[in-house]
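**Q** Model the following, please.
(one chain, ligands or ions: 2)
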Amino acid sequence: MSTDTVTRPVGRYAYDEVDRTFVSQRVAQFREQVGRRVAGDLTEDEFKPLRLMNGLYLQLHAYMLRVAVPYGMMGSDQMRELAHIARTYDRDYGHFTTRQNIQFNWIRLEDTPDILERLAGVNMHAIQTSGNCIRNVTCDEFAGAAADELLDPRIHAEILRQWSTLHPEFSFLPRKFKIAISGSPHDRVAARFHDIGLVAHPGPDGRPVFDVFVGGGLGRTPIIGVKLRDNLPEEDLLAYLEAVVRVYNAYGRRDNMYKARIKILVQALGVEQFREKVDAEFAQMNRADYRLEPAIVEGIRARFGIPDLDAPADAAQKLEADRKADARFDRWVRTNTHTHRHEGFISAVVSIKPDGGIPGDVTADQMDLIADLADAFSFGEIRVTHMQNVVLGHVRKDRLRDLWLRLDGAGLGTPNIGLVGDIIACPGLDYCALANARSIPIAQKLSARFANPELQENIGNLRINISGCINACGHHHAGHIGILGVDKRGEEFFQLTLGGSAENDVAIGQIIGPALPEDETVDAIARLIDTYLVLRHEGEAFIETYRRLGAASFKDAVYAPA
Ligand code: HEM
Ligand code: SF4
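**A** Ligands and ions are numbered 1, 2, ... in the order given. Got it, this is the predicted structure:
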């Protein structure tokens, strides 16, 4: 790390000259590779590993570029650049994913070097967004803001980013590797559905310690991660993770890509034996080389901009008065905000799930607006959530209504966070070369059907997740209601699972019966929800009613003749 004069962006790590040079060099290298591919000097087979190292996929209709948003944090300058890219090189929109990245769906190969160069200009890139390496580390969308947070996980997420970026040993792992980190007792990162999930909290002496979960994942074999280690001291974080990934690298299967994830290894060995191997590796490593001394951590922390949280003494009172005066605003505050650690501030969630819209899709104009609003209301800082929404982390309570008015006026004020309309959906057959079925239209029909905000609030917390195939990019196993697209003799069918969760009450949803034809799926889910409304006890959320009664009570509703 150099000692250049640092302009510290709020909520993000300030790149130094080394970071900038590295990203620019990578762009120049890729420009040359694309040139050779366009000229026909490289075949697609030869080019594929090169493009995947730069986040470029080939999808059904076009190239898709996945851009990393490290631990979901970005600035208004970066969002404006994404808007520019969407407008200039794509069809005027981008798509936020469940791993806090953004994808552009209609990219021309020839344009990718220019796009990457523009991204580099705002310290962004597409490195490690694909391939069998350690992917973008994800983190709590309310990090550094949430009242319930024990420890700000972004500092360690950044340390992990630096450790994992181009790690020479871990560029060709048996399969991709995903790490998530949370610093709150409420899991908002799906820690137990990751290859490594870290839950940070202060140890007995106040220094950070980490609970380490390993071997979780979705995909065709959904598995809940198991606890590998309690209270790992901060100074050993890198050494221990290095040991875990080394064991995976050495013993993970390379003969069968469907059995190559670390979850399969942990299952095959059993957690005890896996732990023994990790401990043996850890014991023989030169741990001094990896030790995270407090000074190193503080050096990283010092490159993060800190918002100046200064609010008038009556900010909270003003918000209460605004809520009383406007029922629509009051509803949005109930559904779309999160408690901030500072009593004069609040975190606002911008729903990227308009009624009948495509989950996670944002237009270039909306991106520009979000950037403007971030500047005006939240220190220029923007967060992308693993639910495909956007958060403005630090909004003064007395200014929240002004923010809402601007959002609402632009169609970004949908009050549905955590409700029926807040659906996760993967790109499915509209874009994806691996898909069996179209996830997006099901999401659109469902959210249009339940558009009434009163009905949504009455139904309460409900997570509907949709994947277009067994790869589970839409987290269907982790949905309270999961929907999986399957192909039956060339027709699109959808299989329902119930009871999944990616939060503290983590669970894998269970299949309730045969898959339904596309045109019956939305009606069947509506009947399922009606059944819940009849069966629920007062104050009971869908998942609680389901757990109390089991699948049988819901099966009849789903399979009732239409
Ligand atoms: C359109 C291009 C995409 C392709 C070709 C693709 C491919 C895949 C494949 C093959 C898997 C299974 C990996 C395994 O089990 O080892 C997977 C998992 C996953 N993908 Fe995608 N995906 C795409 C888009 C997305 C999008 C848009 C999202 C977010 C909305 C996403 C998020 C995930 C997640 C969360 C998982 C499962 C978690 C896990 O790795 O266990 N993917 N993807
Ligand atoms: S779940 Fe299947 S259809 Fe959906 S994006 Fe992933 S690979 Fe494609």
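
**Q** so what's the backbone phi/psi at the residue in the stretch 1-150 of the chain that ligand 1 sits nearest to?
**A** Closest contact between the stretch 1-150 of the chain and ligand 1, by CB to the nearest ligand atom, is at residue 97 (3.4 Å). Quick note: C-beta positions are derived from backbone N, CA and C, even for glycine. Per-residue torsions, residue 97: phi -100, psi 180 (degrees, to the nearest 10).

**Q** Okay, it and ligand 2: tell me how far apart.
**A** 9 Å (CB to the nearest ligand atom, to the nearest Å).

**Q** and that residue, what does it touch?
**A** 66, 103, 360, 388, 473 (CB atoms under 8 Å, 6 or more residues apart in numbering).

**Q** let's see 10 Å
**A** By CB atoms under 10 Å, 6 or more residues apart in numbering, residue 97 lies in contact with 66-67, 69, 103, 129, 136, 360, 384, 386, 388, 424, 426-427, 473.

**Q** tell me the pLDDT at it?
**A** Looking at residue 97, its pLDDT is 87.

**Q** now do residue 67
**A** 92.

**Q** residues contacting it?
**A** Going by CB under 10 Å, 6+ apart, residue 67 touches 55, 74, 78, 81-82, 85, 94, 97, 101-104, 115-116, 119, 124-127, 129, 136.

**Q** Spell out which residues of the stretch 201-350 of the chain are next to ligand 1.
**A** 217-220, 261 (CB under 6 Å from any ligand atom).

**Q** Now do residue 344, the pLDDT please.
**A** pLDDT, read off for residue 344, is 98.

**Q** Could you give the number of residues near it?
**A** 19 (other CB atoms under 10 Å).

**Q** which of the contacts of residue 97 are close to ligand 1?
**A** Checking these against ligand 1 (CB under 6 Å from any ligand atom), the matches are 103, 426-427, 473.

**Q** would you turn those into TSV with pLDDT, neighbour count and secondary structure?
**A** Formatted as TSV, the ones next to ligand 1 among the contacts of residue 97 follow (pLDDT from 0 to 100; neighbours: other CB atoms under 10 Å; DSSP: H, G, I helix; E, B strand; the rest coil):
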residue	pLDDT	neighbour count	secondary structure
103	93	23	strand
426	94	30	coil
427	92	26	coil
473	94	24	coil
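
**Q** possible to save these as a markdown table with distance to ligand 2?
**A** Shown next, in a markdown table, are those (distance: CB to the nearest ligand atom, whole Å):
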| residue | distance to ligand 2 |
| --- | --- |
| 103 | 10 |
| 426 | 3 |
| 427 | 5 |
| 473 | 3 |
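
**Q** so of the contacts of residue 67, which ones are in helices?
**A** 78, 81-82, 85, 115-116, 119 (DSSP state H).

**Q** how about the contacts of residue 97, which pair is most distant?
**A** 67 and 424 (19.3 Å; CB to CB).

**Q** Can you say which of the contacts of residue 67 are buried?
**A** 55, 74, 78, 81-82, 85, 94, 97, 101-104, 115-116, 119, 124-127, 129, 136 (16 or more other CB atoms under 10 Å).

**Q** Can you tell me which of the residues of the stretch 201-350 of the chain next to ligand 1 end up in strands?
**A** Among those, none falls in strands (DSSP state E).

**Q** would you turn these into a markdown table with pLDDT and neighbour count?
**A** Listed next are those as a markdown table, based on pLDDT from 0 to 100; neighbours: other CB atoms under 10 Å:
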| residue | pLDDT | neighbour count |
| --- | --- | --- |
| 217 | 96 | 24 |
| 218 | 95 | 28 |
| 219 | 93 | 18 |
| 220 | 93 | 12 |
| 261 | 96 | 28 |
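
**Q** ok but residue 66 is inside a strand, no?
**A** Yes. Counting by DSSP: H, G, I helix; E, B strand; the rest coil, residue 66 is found in a strand.

**Q** beta partners for it?
**A** residue 103 (DSSP bridges).

**Q** So it sits against residue 53, correct?
**A** No. Counting by CB atoms under 10 Å, residue 53 is not a contact partner of residue 66; they are 11.9 Å apart.

**Q** who touches both of those two?
**A** In terms of CB under 10 Å, 6+ apart, residue 66 and residue 53 are both contacted by the residues 126, 128-130.

**Q** just these: which has the poorest pLDDT?
**A** Within those, lowest confidence goes to residue 128 (84).

**Q** any idea how far the closest residue to that residue other than its chain neighbours is from residue 171?
**A** Among residues not flanking residue 128 along the chain, residue 135 sits closest, at 5.7 Å (CB to CB, 6 or more residues apart in numbering). Counting by CB to CB, to the nearest Å, the gap from residue 135 to residue 171 is 12 Å.

**Q** tell me the contacts of the residue nearest to residue 128?
**A** By CB under 10 Å, 6+ apart, the neighbours of residue 135 are 66, 68, 99, 101, 128-129, 164, 176-179, 194-195.

**Q** Ranking by neighbours, what's the top pick from the residues you listed?
**A** residue 194 (28 neighbours).

**Q** Give me the local confidence score for it.
**A** Listed pLDDT for residue 194 reads 97.
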